[in-house]
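A.B. asks: Sharing a sequence plus its predicted fold:
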Amino acid sequence: MLLCLTPIIKLVLVSDFDFYLPEELIAQEALADRSSSRLLHLSRFSGRFDDRKFIEFPSLLRPGDLLVLNSSRVFPARLYGRRAGLHAQP
């Protein structure tokens, strides 16, 4: 039996969640035309990021690419945390 001593989840710090996100970039509802959704494309050859539209997705695929679909649903969840040395009250 092989035991893994490395934790699956690394130590998570509050500072990991501290980043600037402009309000206008936060989606409030799904678009009526889903093909107009935005898509962030990373070129693995150049390392360049490009803003695209989802309608462009098929043209980004190349022969031999692997497409993995995620059919999971989002569920309501809450993450409780506590600062070092303080007792958390959920």
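C.D. replies: Noted; the coordinates are in hand. Residues are numbered from 1 along each chain as shown.

A.B. asks: Asp51 - that's part of a helix, no?
C.D. replies: No. Asp51 is assigned strand when assessed by DSSP: H, G, I helix; E, B strand; the rest coil, not a helix.

A.B. asks: Give me the residue ranges of the chain where confidence is low.
C.D. replies: By pLDDT under 70, the low-scoring segments of the chain are 1-10, 84-90.

A.B. asks: where along the chain do the helices fall?
C.D. replies: Taking DSSP state H, the helices of the chain run over residues 57-60.

A.B. asks: Disregarding flanking residues, what is the spatial nearest neighbour of the residue sitting nearest the centre point of the chain?
C.D. replies: With distances taken as Cα atoms, centre = their mean, Leu40 lies nearest the centre of the chain, 11.1 Å away. Nearest non-adjacent residue to Leu40, counting by Cβ to Cβ, 6 or more residues apart in numbering: Phe49, 6.1 Å away. From N, CA and C alone the C-beta is placed, and that goes for glycine too.

A.B. asks: Just give me the neighbour total for that neighbour.
C.D. replies: Phe49 has 10 neighbouring residues, counting by other Cβ atoms under 10 Å.

A.B. asks: Okay, and the beta partners of it?
C.D. replies: In this structure, Phe49 bridges to Leu42 when assessed by DSSP bridges.

A.B. asks: Next, work out how far apart it and Leu61 are.
C.D. replies: Distance, Phe49 to Leu61, using Cβ to Cβ, to the nearest Å: 18 Å.

A.B. asks: Many thanks, we can stop here.
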